[in-house]
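S.K.: below are the sequence and a predicted model for it; my questions follow.
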Amino acid sequence: MKKITLVLSMVLFTIAGAFAQIEKPVTWAYYAEKISKDEAIVYLKATIEDRWHIYSQNVKDGGPVKTTFTFAPSKDFSLVGKTIEPKAIVKYESTFKMNVSYFEKAVIFTQKVKLNKGITAVKGKVEFMVCNDKQCLPPEEVEFSIPVKDKKKQ
């Protein structure tokens, strides 16, 4: 009888764990806009749930995991400069015992690319960490593929 109770308990805990909500407080959206025949700007937007934040690309070592964009090498395009971000909120966080820069609600990162081909896809991944005032979730990597198309003729 004890074995049946133990097995039944384990099954119930497994099922309950499977239905537990996995926190995903950040969603990503992407868009590319051609600004000339051979240049485009790629927009990478993070939408962040209330009370959560993601960190800047410019966080100092010893702090939280900074947001990092890695673009897959391609013959179709080349990066022009670094990925740009807007001005971040800078605040002391006792967890890291340092000032950190981060974004709340939403942030749009931009990357300029030089096109070697009119139509292509900019592929890569973003690594980021999200925290609130009580916890930090483990760093996450999200892959992206952003189509770059010719401007529509009007």
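M.R.: Thanks, I have it.
S.K.: how far away is Ala32 from Asp150?
M.R.: Taken as C-beta to C-beta, to the nearest Å, the spacing of Ala32 relative to Asp150 amounts to 11 Å. C-beta: built from backbone N, CA, C; applies to glycine.
S.K.: so which of the two has more stuff around it?
M.R.: Neighbours were tallied for Ala32 and for Asp150 using other C-beta atoms under 10 Å; the higher tally belongs to Ala32 (20 against 9).
S.K.: with adjacent residues omitted, what lies nearest to the more buried one?
M.R.: Spatially, and ignoring its direct neighbours in sequence, Ala32 is nearest to Val148 (4.4 Å; C-beta to C-beta, 6 or more residues apart in numbering).
S.K.: run a quick neighbour tally on the one you found.
M.R.: Other residues near Val148 come to 22 when the count uses other C-beta under 10 Å.
S.K.: now the helices for this protein?
M.R.: With DSSP state H as the definition, the chain shows helices at residue ranges 2-19.
S.K.: which stretches of it have low pLDDT?
M.R.: Within the chain, the ranges that satisfy pLDDT under 70 run 1-21, 151-154.
S.K.: make it 80
M.R.: Regions of the chain meeting the criterion pLDDT under 80 cover residues 1-22, 150-154.
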